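Chemist: Here is my input; please provide its structure:
(chains A and B)
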Amino acid sequence: MGRKIQAVKGTRDLLPPDTAVWAAVERAARETFGAYGYSEIRTPILEDTELFVRSVGEGTDIVGKEMYTFTDRKGRSLSLRPESTASVARAFVQHGMHSAALPLKVYYIGPHFRYERPQKGRYRQFFQIGAELLGDAGPQSDGEVILMLVRFLSVLGFEGLVVQLNTVGDEESREAYRKGLVEYLEPHREALSPDSQRRLGSNPLRILDSKDPADHGVLQGAPRLEDFLNASSAGHFDAVCEMLDRHDVAYSIEPRLVRGLDYYTRTVFEIIAAGLGAQDAIVGGGRYDGLIEELGGQPLPGIGFAIGEDRLIEVLPERFRIEALKASLVAVAAVPPVSAAEAVALAEELRSENLPVLAELTDRSVRSALKRADRAGVKWVVLLGEQERATGTVTVRDLEQGSQETMPRGDLATYLRRSP
RNA sequence: GUGAGCGUAGCUCAAUCGGUAGAGCGCUGGAUUGUGGUUCCAGUGGUUGGGGGUUCAAGUCCCCUCGCUCACCCCA
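Modeler: Residues are numbered from 1 along each chain as shown, chains lettered A, B, ... in the order given. Sure, this is the predicted structure:
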């Protein structure tokens, strides 16, 4: 006997009936995003490692120690995508999409990979539902992207979620602030946590949202990012807030919210949800005005977000989940001595009428056929027995009501379609 | 990468001081051969994660290893 092989660490099988919930969430995303003029984009799961080094940033943990990177048979360094904004930007440049009607609005749904120790809400293979708007720099774009996100979450039935909002300024403001912050923190280096000391050199802005109490003390007197914003960055942020106000979006400004990816500029945001333990961010996003150019394209702005689908489903409102799990199947069973083959034939007739049908494939007693149909969550069972066959009728049993009636076989499809 | 907790049937868990593994749920069938859910009966279920050690005897004690979970970190 060989050893049992199991799914690799940090990956998992999504099984029925749960997959119905995933499908319903994804359907809602497609519909909602479609209503804002977004189309689907599908980029490869595998990319040139250099893509992520240049976009996400060499100094980030994602690129530095969390990527699945390997060399292929020709010695090229490839990586499993840890996120998709970089891929979308790459595709945009590669296909010269700047000459299409801008802004380009695309969304994606799919697996991503990061090599981390798994814990609640964190997997090595995880799914993201994301959207990107490329080619418009105005604050209305930031606002509409957030409105779309909020609408999607409300379609799923979420209530009381608050968008955490901040600006990291444009490149000029951000660079000025980075210098100011390092200048202030350097003399306090010894008081910082070891992680923050490391970040001082690699990614100083991230020290701002450190969870370490020691860091909080040092940060008390730190310069504030908003004081370093130039007029353009400050005005942009005000306009975004104004738009969210106008549409009654619940948001809160979090001056310490910075994000771990290097490409973010100006607006950044997150949504966190209760019930997820330490990994409580279900959405993260922001503007990335320098990314397309960094990847060799024209200087074009962009903004987008990514939703952690695994986490989203973990805290999905119960009503949406229940609705998604409702089966609308009709079961067809033959009553001995009528054979199962005849039930299958009847099922095929109904499927031709576009009805979803579960046919009983094995000759078995009515008792077990009904029991099985009941467990499958079916509402209607069509019974075909000797009497029915002789008279050209069928008996339809309503498992919820416990009632049944016999009708001409020709009326069946219409009857079932009409019934809830 | 660091730390803590936990691995017994498909699932949730029992098993006294170390004495040779059990229940519920599930699944399959049956309880007047054409009627489900509740109930009752029967059947199906395990190399106790794996390996080694101590012992007359190990699910139980010791060591190693693998895995799971949570937290740090990171972020969706």
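Chemist: which bits of the stretch 201-350 of chain A sit near RNA strand B?
Modeler: Applying CB under 7 Å from any atom of the strand, we find that the stretch 201-350 of chain A lies next to RNA strand B at A:206, A:210-212, A:259-261, A:270, A:277-279, A:281-284, A:306-308, A:310-311, A:335-336. Where you see a C-beta, it was placed from the backbone N, CA and C, and this is true even at glycine.
Chemist: ok, and the closest non-adjacent residue to the residue of the stretch 51-200 of chain A found nearest RNA strand B?
Modeler: Closest residue of the stretch 51-200 of chain A to RNA strand B, CB to the nearest atom of the strand: A:Lys120 (2.9 Å). Leaving aside its sequence neighbours, A:Lys120 sits nearest to A:Gly277 (CB to CB, 6 or more residues apart in numbering; 4.0 Å).
Chemist: any idea how far the one you found is from A:Leu312?
Modeler: From A:Gly277 across to A:Leu312, the span is 15 Å (CB to CB, to the nearest Å).
Chemist: Same question for A:Arg418.
Modeler: A:Arg418 is 36 Å from A:Leu312, where distance means CB to CB.
Chemist: Could you pull up the residues touching the residue nearest to A:Lys120?
Modeler: Under the criterion of CB atoms under 8 Å, 6 or more residues apart in numbering, the neighbours of A:Gly277 are A:Gln119, A:Lys120, A:Gly121.
Chemist: again with A:Ser79
Modeler: So A:Ser79 contacts A:Leu46, A:Glu47, A:Asp48, A:Thr49, A:Leu51, A:Phe52, A:Met67, A:Tyr68, A:Thr69, A:Phe70 (CB under 8 Å, 6+ apart).
Chemist: and which of the residues you listed is nearest to A:Leu316?
Modeler: A:Tyr68 (27.9 Å; CB to CB).
Chemist: And the closest one, how far from A:His112?
Modeler: Distance from A:Tyr68 to A:His112, by CB to CB: 10 Å.
Chemist: So for those two, which residues contact both of them?
Modeler: A:Leu80.
Chemist: coming back round to it: the more surrounded of A:Arg418 and A:Leu312?
Modeler: In this view A:Arg418 and A:Leu312 are compared by other CB atoms under 10 Å, and A:Leu312 has more residues nearby, 24 against 7.
Chemist: So what's the residue count around the spatially closest residue to A:Ala176 that is not a sequence neighbour?
Modeler: In space, and not counting its chain neighbours, A:Ala176 is closest to A:Phe228: 4.9 Å by CB to CB, 6+ apart. A:Phe228 has 21 neighbouring residues, counting by other CB under 10 Å.
Chemist: same question, the one 10 residues further on
Modeler: For A:Asp238, the neighbour count with other CB under 10 Å is 12.
Chemist: rewinding a little: separate out the buried members of the contacts of A:Gly277.
Modeler: A:Gly121 (16 or more other CB atoms under 10 Å).
Chemist: Just the ones in helices from the contacts of A:Gly277, please.
Modeler: If you go by DSSP state H, the contacts of A:Gly277 have nothing in helices.
Chemist: could I get the contacts of A:Gly277 as TSV with distance to A:Pro139 and pLDDT?
Modeler: As requested, the contacts of A:Gly277 are exported to TSV (distance: CB to CB, whole Å; pLDDT from 0 to 100):
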residue	distance to A:Pro139	pLDDT
A:Gln119	37	90
A:Lys120	36	89
A:Gly121	32	90
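Chemist: thought the residue nearest to A:Ala176 was touching A:Gly169?
Modeler: Yes. Using CB atoms under 8 Å, A:Phe228 is in contact with A:Gly169, at 6.6 Å.
Chemist: Mind listing the shared neighbours of those two?
Modeler: A:Ala176, A:Tyr177.
Chemist: how many neighbours does A:Arg206 have?
Modeler: Count around A:Arg206 with other CB under 10 Å applied: 18.
Chemist: ok, the residue nearest to it when sequence neighbours are not counted to A:Ala191 distance?
Modeler: Spatially, and ignoring its direct neighbours in sequence, A:Arg206 is nearest to A:Arg199 (5.2 Å; CB to CB, 6+ apart). Per CB to CB, A:Arg199 is found 14 Å from A:Ala191.
Chemist: Where does chain A get nearest to RNA strand B, residue-wise?
Modeler: For chain A, CB to the nearest atom of the strand, closest residue to RNA strand B: A:Gly260, 1.7 Å.
Chemist: show me the contacts for the residue lying closest to A:Gly385 once chain neighbours are set aside.
Modeler: Distances taken as CB to CB, 6+ apart place A:Val335 nearest to A:Gly385, at 3.3 Å, with adjacent residues excluded. Applying CB under 8 Å, 6+ apart to A:Val335 gives the contacts A:Val366, A:Ala369, A:Leu383, A:Leu384, A:Gly385, A:Glu386, A:Glu388.
Chemist: Give me every residue in the stretch 1-150 of chain A lying close to RNA strand B.
Modeler: So far as CB under 7 Å from any atom of the strand goes, the stretch 1-150 of chain A lies against RNA strand B at A:1, A:6, A:9-10, A:60-62, A:66, A:83, A:114, A:116-123, A:126, A:128.
Chemist: Okay, and which of those map to helices?
Modeler: A:Asp61, A:Ile62.
Chemist: Quick check: PyMOL command selecting the buried ones in the residues of the stretch 1-150 of chain A next to RNA strand B.
Modeler: Selection of buried members from these for PyMOL, criterion 16+ other CB under 10 Å:
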select buried, chain A and resi 10+60+61+62+66+83+114+116+121+122+123+126+128
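Chemist: Mind checking which of the residues of the stretch 1-150 of chain A next to RNA strand B land in strands?
Modeler: Using DSSP state E, A:Phe126, A:Gln128 are the members of these that sit in strands.
Chemist: from what I can see A:Gly302 touches A:Gly130, true?
Modeler: No. In this structure A:Gly302 lies outside contact range of A:Gly130 using CB under 8 Å: 12.0 Å.
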